[in-house]
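Trainee: Predicted structure and sequence below. I'll ask about it afterward.
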Amino acid sequence: MTTATAAGTGTARKPATMAQALGRAMRDAMAADPSVHVLGEDVGTLGGVFRITDGLAKEFGDDRCSDTPLAEAGILGTAVGMAMYGLRPVVEMQFDAFAYPAFEQLISHVSRMRNRTRGTMPLPITVRVPYGGGIGGVEHHSDSSEIYYMATPGLQVVAPATIADAYGLLRAAIASDDPVVFLEPKRLYWSKGDWSPDRPDEVPPIGRAVVRRPGGGTAGGSGPGRSATLITYGPSVPVCLEAAEAARAEGWDLEVVDLRSLVPFDDETVCASVRRTGRAVVVHEATGFGGPGGEIAARVTERCFHHLEAPVLRVTGFDIPYPPPMLERHHLPGVDRVLDAVARLQWESEFTEGRAV
């Protein structure tokens, strides 16, 4: 069964996985534009280690879906040359930490070429990076390296959390004239849902966050979205949605914002939510020290200071190299750790108002 068949070809919504939606996005982009080429380790005959590119070489030929040597710097360097000559390469880095050898190409050339040439030479390269934990992977297979890309001017950084967003954002990334690092949460590859690729209202633009769960004064909360905002992205979105439902038993009403894009960052949507709730928790798998949450917390504090009733808190992975599979459940942010942070926010608010017991 090809990816296109699995994902469905009509307007009817059918069961699909995120992996199928990603494959369908590349298939549709290749069909619409002959300049779109896919390259990476085992992406052709095998269909990629996660089978995301399954069927593409058979449909479009191995000259447009090409297996490469095991040399990430060479893969991305090849993509730079392809883009300079008018193609739109889509590069797969087999695992998050496998992408590190390609950093020199990414930082020195991919991110700078448009600026270096005063806008005359864009590099429309999409770098797909399976990232994050939750699959029982060993070291170098479960990193959350998004902060490196966020800290590199000239790159767009995207991290979908739903099947529809995976398809829509990947199509947008491939169509972009600027390079995009497309972070794919591995543990959501096999998440399922009813989905159709033919619904234009489900194709989000890069740079726009979305409120996944609006606050509504549920279960004794103090008004619409009055307890806190959970700011998250990628694999931590389902965790935060589960935490928000569990919080109802405590009388807390949590609003959940899915960033979807880390660069550009949607200050408008995030800050509108925080101003409604007065409190915020940033949740992600990456380390806390020097991680994305620090930048997000700073932006929220600068823009929402007079609306905050407590400091912006972070729930993150620990400041260690990724642990062995048997320990990753302790390392990754879970529902209990998120709820502990929300409880601390409530205490901080009461203390600030002089009502602490």
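Mentor: Alright, I've got the coordinates. Numbering: from 1, shown residues only.
Trainee: what about the stretch 51-200 of the chain, any weak spots by pLDDT?
Mentor: 199-200 (pLDDT under 70).
Trainee: Quick one: the helices in it, in order.
Mentor: Assigned by DSSP state H, counting those that start in this stretch, the stretch 51-200 of the chain shows helices spanning 56-60, 72-84, 103-105, 113-116, 146-150, 163-175.
Trainee: How far does the shortest one sit from its chain's centre?
Mentor: Meaning helix 103-105. The chain centroid and the centroid of helix 103-105 are separated by 21 Å, computed with CA atoms, centre = their mean, to the nearest Å.
Trainee: so which of the helices of the stretch 51-200 of the chain is the most packed in?
Mentor: Neighbour counts (mean count of other CB atoms under 10 Å) averaged over each of these peak at helix 163-175, with a mean of 24. Where C-beta positions appear, they are placed from N, C-alpha and C, glycine not excepted.
Trainee: can you tell me which of the helices of the stretch 51-200 of the chain comes nearest to residue 314?
Mentor: helix 146-150 (12.8 Å; CB to CB).
Trainee: what does stretch 264-274 rub up against?
Mentor: 156, 206-211, 225, 229, 231, 255, 257, 259-260, 280, 296, 299-300, 303-304, 307-308 (CB atoms under 8 Å, 6 or more residues apart in numbering).
Trainee: Quick check on these: which are buried?
Mentor: 156, 206-207, 209-211, 225, 229, 231, 255, 257, 259-260, 280, 296, 299-300, 304, 308 (16 or more other CB atoms under 10 Å).
Trainee: just to revisit the earlier point, and the contacts of stretch 264-274, which of them are in helices?
Mentor: Applying DSSP state H to the contacts of stretch 264-274, the entries found in helices are 296, 299, 300, 303, 304.
Trainee: circling back to that earlier point, need the helices of the stretch 51-200 of the chain in JSON lines with distance to residue 237, can you?
Mentor: Putting the helices of the stretch 51-200 of the chain into JSON lines (distance: least, CB to CB, whole Å) gives the following:
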{"stretch": "helix 56-60", "distance to residue 237": "27"}
{"stretch": "helix 72-84", "distance to residue 237": "28"}
{"stretch": "helix 103-105", "distance to residue 237": "27"}
{"stretch": "helix 113-116", "distance to residue 237": "31"}
{"stretch": "helix 146-150", "distance to residue 237": "14"}
{"stretch": "helix 163-175", "distance to residue 237": "10"}
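Trainee: nearest to residue 284, of those?
Mentor: Per CB to CB, nearest to residue 284 of the helices of the stretch 51-200 of the chain: helix 146-150, 7.9 Å.
Trainee: Name the surrounding residues that touch that closest one.
Mentor: Counting by CB under 8 Å, 6+ apart, 103, 106, 131, 155, 157, 159, 181, 183, 262-263, 284, 286, 290-292, 295 sit against helix 146-150.
Trainee: From the chain's centroid, how far away is the helix or strand where residue 284 lies?
Mentor: Using DSSP states H and E, residue 284 sits in strand 280-287. Its chain's average C-alpha position is 13 Å from that of strand 280-287, according to CA atoms, centre = their mean.
Trainee: Check which helices and strands that strand sits against.
Mentor: helix 146-150, strand 228-232, helix 292-304, strand 313-317, helix 335-352 (3 or more CB pairs under 8 Å, 6 or more residues apart in numbering; DSSP states H and E).
Trainee: most tightly surrounded among the ones you listed?
Mentor: strand 228-232 (a mean of 30).
Trainee: Partner strands of that strand and their direction?
Mentor: strand 254-258 (parallel), strand 280-287 (parallel) (DSSP bridges).
Trainee: on that earlier part again, closest to residue 88 out of the contacts of helix 146-150?
Mentor: Closest to residue 88, out of all of these and judged by CB to CB, is residue 181, at 15.2 Å.
Trainee: residues touching the closest one, list them.
Mentor: 106, 127, 129, 149, 155, 156, 157, 158.
Trainee: beta partners for it?
Mentor: residue 127, residue 157.
Trainee: Span of stretch 134-154 from start to end?
Mentor: End-to-end distance for stretch 134-154: 30 Å, by CA to CA, to the nearest Å.
Trainee: Mind listing what's buried along that stretch?
Mentor: In stretch 134-154, counting by 16+ other CB under 10 Å, buried: 134-135, 137, 141-150, 152, 154.
Trainee: Distance from that stretch to the middle of the chain?
Mentor: On CA atoms, centre = their mean, the centre of stretch 134-154 falls 11 Å from the chain's centre.
Trainee: Does residue 281 touch residue 343 like I think?
Mentor: No. With contact defined as CB atoms under 8 Å, residue 281 does not reach residue 343; the gap is 10.6 Å.
Trainee: Now for the residue nearest to residue 54 when sequence neighbours are not counted, how many residues are close by?
Mentor: Closest residue in space to residue 54, ignoring its immediate chain neighbours: residue 47 at 3.2 Å, by CB to CB, 6 or more residues apart in numbering. Using other CB atoms under 10 Å, residue 47 has 20 other residues around it.
Trainee: Turn the helices and strands packed on strand 280-287 into a markdown table, including distance to residue 86.
Mentor: Shown next, in a markdown table, are the helices and strands packed on strand 280-287 (distance: least, CB to CB, whole Å):
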| stretch | distance to residue 86 |
| --- | --- |
| helix 146-150 | 25 |
| strand 228-232 | 38 |
| helix 292-304 | 34 |
| strand 313-317 | 40 |
| helix 335-352 | 46 |
